[in-house]
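Trainee: What follows is a predicted structure for the sequence shown.
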Amino acid sequence: MTLEVQIEKRLADFTLDVAFLATEAPLSILGASGAGKSMLLRCIAGLERPGRGRITLNDRILFDSAQHLGIPARERRIGMLFQHYALFPHRTVSQNIAFGLHHLPRDEQSARTAAMVSRTHLAGLEQRYPRELSGGEQQRTALARALAIQPEALLLDEPLSALDTHLRGQVEAQLQETFATYRRPALLVTHNMEEAYRLGEQLLVLAFGRVVAFGPKEEIFHRPPSSEVARLTGCKNISRAQLNPDGTLQALDWSCRLRLAQMPATPLNFIGIRAHHIDFPEDSGEATDQPNIFPCWIVRTSETPFRITLFLSLDPTRAAAGESHLQAEVFKEKWERFRGRPQPWRVRLAPESLFAMAD
Amino acid sequence: MDWSPLLISLATSLAATAVTLVAGLAAAAWRQNRAGAGAALIDGIFILPLVLPPTVVGFLLLLLFGRNGPLGQLLLQFGATVVFSWPATVIAATVVSFPLMYITARAALEQVDPYLLQAARTLGASEARIFREVALPLAWPGVLAGTILSFARALGEFGATLMLAGNIPGKTATIPIAIYFAVEANEIQRALAWCAVDVGISMALLGGLYYWSHAQRLRRESWGQR
């Protein structure tokens, strides 16, 4: 089961130019709004025509510009989920689910619909109209409708972004359950990196129509290949960097000299660390011999229910001017123990948490 | 009193509305997903009868369907003449009511969420089935409003009908034509009576439209919560 995509399409501000291969492992496509994510899915589904390229699903050629071939959407057998569900408002839940089963005998239609209803936990809602459902129930109906045609691939275009937080978890659980058994190419487009991480096994990061990272999600989150990917995967701290002759590293934006766990093989121009990896050593007596410990000043803080973001500066004059250049995230409990202490505090940018990037 | 103008008017309007409904829907469906200068030009041609004076429309139709007109010649080969016959009233009423149907149907179809049509496509439905089972049911309120407007316009048609169909009592004399010639012949009572009939029909139509749109709103809401 493979979906092979290699397409080019000129968009208003840039050209979508993407090539990748998706297998049974769910693939998350992450990118900022307007990066071309939705357009990519729409090209695969046959709702838009790429300018050039080739799309193959298993052994079927869905699109090939060289052969002037473009299978219409209705013959592609690709299930698609939309951000706003796109349920038919004049049809009930079961009528929506059965829409794609038109060619089957009546009893098989109802058998398959019933199976989908139970698989997506919609029992009892069969006779309701979409507007009588919660957003979560609507998206589950849309999922049931897409799966009912036994599609050879599943495309999900921001399926959770229109949902309230508490419903989102519910639909996400449903998607996880579906992906676990679906085992055919499934592509999920999202701008939410946590969602991308939780639902996908593979990750593709898209920026201005180009693939800037593609591979197992753990690798990309752990060692982003570029500062752009680091930013798109939620890294808050990226600094320009320069190697010193003694093997240490000058972080130009953070004004500090860092030691790395190992010398990077590639040229090094940027250095990054995730906000939750920034550490504040508890005791000033011990650990002074550890590398990368610096005095720091808190410029401002921002609270979320369980965590607190600290905006730091390693340079007292910049701190005094209200300038911060590092973001740290700590749990409130830890913050409570710290908050009274006199400044400067000590911050640690552990070598094993730092990652170097070429561009 | 001779009731033939009423019957002629109703028969003409019904026939014209039926033709206009099918043709208007077909034209609106065709126009969807089309852009460009060609489509815009055709748009203009479709809407022209609405803005042209009915006498101009009637005169152009007369040139088209007359003995020496291209369509007139064609029909003559089948031994048919249209001018000054009942079908001429239908042709005139159809042409002038078509733009209303076309405009409302197009607007109603454009209102349908394009994502619904795309979802239907990914589910394997043909374009014809999508039109029948998704676009049309959702656009239906607008289409029906257009039908009623077209019927009303056909019922009130005067200028083009007079040019193409003339005033042949019992054959082409519709209510508006009967009124005109009654006034011309100074038969004020008769003119008033036909006016009253026209007002009655129009009020009934508007009442029906109002009642129906109310019922529609209830039905739409029932998609929401029963």
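Mentor: All right, it came through fine. Keep in mind that this is a model prediction, so the values were computed, not measured.
Trainee: Please count neighbours and contacts with C-alpha atoms only from this point.
Mentor: Will do.
Trainee: what's the distance between residue A:200 and chain B?
Mentor: Residue A:200 is 23 Å from chain B, where distance means Cα to the nearest Cα, to the nearest Å.
Trainee: what does chain A have sitting close to chain B?
Mentor: Residues of chain A lying close to chain B (Cα under 8 Å from any Cα of the partner chain) are A:45, A:47, A:73-80, A:82, A:86-90, A:99-100, A:129-132, A:146, A:149.
Trainee: Next, the contact list for residue A:18, please.
Mentor: Neighbour list for residue A:18: A:5, A:6, A:7, A:8, A:209, A:210, A:211 [criterion: Cα atoms under 8 Å, 6 or more residues apart in numbering or on different chains].
Trainee: mind checking the SS state of the closest residue to the fourth one other than its chain neighbours?
Mentor: Using Cα to Cα, 6 or more residues apart in numbering or on different chains and skipping residues adjacent in sequence, the residue nearest residue A:8 is residue A:17, 4.4 Å away. Of the three states, residue A:17 takes strand under DSSP: H, G, I helix; E, B strand; the rest coil.
Trainee: okay, now residue A:17: neighbour count?
Mentor: Residue A:17 has 21 neighbouring residues, counting by other Cα atoms under 10 Å in any protein chain shown.
Trainee: for residue A:340, same thing?
Mentor: Residues lying near residue A:340 (other Cα under 10 Å) number 8.
Trainee: tell me the SS of it?
Mentor: coil.
Trainee: ok and the residue in chain B nearest chain A?
Mentor: Closest contact between chain B and chain A, by Cα to the nearest Cα, is at residue B:124 (3.8 Å).
Trainee: so that residue makes contact with residue A:75?
Mentor: Yes - using Cα atoms under 8 Å, residue B:124 is in contact with residue A:75, at 6.0 Å.
Trainee: Same question for stretch B:28-38: list its buried residues.
Mentor: Going by neighbour count (16 or more other Cα atoms under 10 Å in any protein chain shown), the buried part of stretch B:28-38 is B:28, B:29, B:31.
Trainee: How far off centre is the longest helix seen in chain B?
Mentor: Ranked by residue count under DSSP state H, the longest helix found in chain B is helix B:188-224. Chain-centre distance of helix B:188-224: 17 Å, with Cα atoms, centre = their mean, to the nearest Å.
Trainee: which other helices and strands contact that helix?
Mentor: In terms of contacts (3 or more Cα pairs under 8 Å, 6 or more residues apart in numbering or on different chains; DSSP states H and E), helix B:188-224 is packed against helix B:136-156, helix B:175-184.
Trainee: show me what contacts the closest residue to chain B within the stretch 1-150 of chain A?
Mentor: At 3.8 Å from chain B, residue A:74 is the closest residue in the stretch 1-150 of chain A, using Cα to the nearest Cα. By Cα under 8 Å, 6+ apart, the contact list for residue A:74 reads B:121, B:122, B:123, B:124, B:125, B:126.
Trainee: Highest neighbour count among these?
Mentor: The most crowded member of these, judged by other Cα under 10 Å, is residue B:123 (29 neighbours).
Trainee: Which residue is the nearest non-sequential neighbour of that residue?
Mentor: residue A:100 (4.8 Å).
Trainee: Please confirm that that neighbour is located within a strand.
Mentor: No - counting by three-state DSSP, one finds residue A:100 to be helix, located in no strand.
Trainee: for chain A, what are the nearby residues on chain B?
Mentor: Taking Cα under 8 Å from any Cα as the criterion, chain B approaches chain A at residues B:115-116, B:118-126, B:134, B:137-138, B:223-225.
Trainee: Strands - which of the contacts of residue A:74 land there?
Mentor: Among the contacts of residue A:74, no member is found in strands (DSSP state E).
Trainee: any chance of those in CSV, plus pLDDT?
Mentor: Converted to CSV, the contacts of residue A:74 look like this (pLDDT from 0 to 100):
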residue, pLDDT
B:121, 96
B:122, 97
B:123, 97
B:124, 95
B:125, 95
B:126, 94
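Trainee: hmm, who's touching the top strand by length along chain A?
Mentor: In terms of residue count, the longest strand belonging to chain A (DSSP E) is strand A:293-303. Strand A:293-303 has contacts (Cα under 8 Å, 6+ apart) with A:256, A:308-316, A:319-320, A:322-324, A:343-349.
Trainee: Would you list the buried entries among these?
Mentor: Taking 16+ other Cα under 10 Å as the criterion, what is buried in those is A:256, A:308-316, A:319, A:323-324, A:345-349.
Trainee: Can you point out the buried residues in the worst-scoring helix or strand of chain B on mean pLDDT?
Mentor: Ranked by mean pLDDT, DSSP states H and E, the helix or strand of chain B with the weakest confidence is helix B:188-224, at a mean of 83. For helix B:188-224, burial by neighbour count (16+ other Cα under 10 Å) applies to B:190, B:191, B:194, B:195, B:198, B:202, B:205, B:209, B:213, B:223, B:224.
Trainee: Now do it against helix B:136-156, angle only.
Mentor: Between helix B:188-224 and helix B:136-156, the angle comes out at 170 degrees (axes from the mean of the first three to the mean of the last three Cα atoms, to 10 degrees).
Trainee: tell me the angle helix B:188-224 makes with helix B:175-184.
Mentor: 160 degrees.
Trainee: pLDDT weak spots in chain B?
Mentor: Applying pLDDT under 70 to chain B picks out residues B:220-226.
Trainee: er, the stretch 101-250 of chain A actually
Mentor: For the stretch 101-250 of chain A, no range has pLDDT under 70.
Trainee: Can you list which of the residues of chain B next to chain A are found in helices?
Mentor: Those of these lying in helices (DSSP H): B:115, B:116, B:118, B:119, B:120, B:121, B:122, B:137, B:138, B:223, B:224.
Trainee: give me every residue that touches the spatially closest residue to the fifth one that is not a sequence neighbour.
Mentor: Nearest non-adjacent residue to residue B:120, counting by Cα to Cα, 6+ apart: residue B:130, 6.6 Å away. Under the criterion of Cα under 8 Å, 6+ apart, the neighbours of residue B:130 are B:117, B:120, B:121.
Trainee: and which of these is nearest to residue A:51?
Mentor: When these are ranked by distance to residue A:51 (Cα to Cα), residue B:121 comes first, at 20.7 Å.
Trainee: how about stretch A:60-75: buried residues?
Mentor: Buried-residue list, stretch A:60-75, by 16+ other Cα under 10 Å: A:61, A:62, A:63, A:64, A:70, A:72, A:73, A:74, A:75.
Trainee: That stretch: how far from the chain's middle?
Mentor: 29 Å.
Trainee: Am I right that residue A:54 is in a strand?
Mentor: Yes - under three-state DSSP, residue A:54 falls within a strand.
Trainee: Going along the chain from the helix or strand harbouring residue A:155, find the next helix or strand for me.
Mentor: Following DSSP states H and E, the helix or strand that holds residue A:155 is strand A:153-157. Sequence-wise, the next helix or strand downstream of strand A:153-157 (DSSP H and E) is helix A:165-182.
Trainee: neighbouring contacts of that next one?
Mentor: Contact partners of helix A:165-182, identified using Cα under 8 Å, 6+ apart, comprise A:26, A:120, A:135, A:136, A:139, A:140, A:160, A:161, A:186, A:199.
Trainee: residues touching the closest residue to residue A:216 other than its chain neighbours, list them.
Mentor: Excluding the flanking residues, the one nearest residue A:216 by Cα to Cα, 6+ apart is residue A:202, at 4.5 Å. Counting by Cα under 8 Å, 6+ apart, residue A:202 makes contact with A:25, A:26, A:27, A:28, A:214, A:215, A:216, A:217.
Trainee: Is residue A:202 bridged to anything, and to what?
Mentor: residue A:27, residue A:216 (DSSP bridges).
Trainee: Now residue B:66: closest residue in space, sequence neighbours ignored.
Mentor: Nearest to residue B:66 is residue B:72, by Cα to Cα, 6+ apart, at 5.0 Å.
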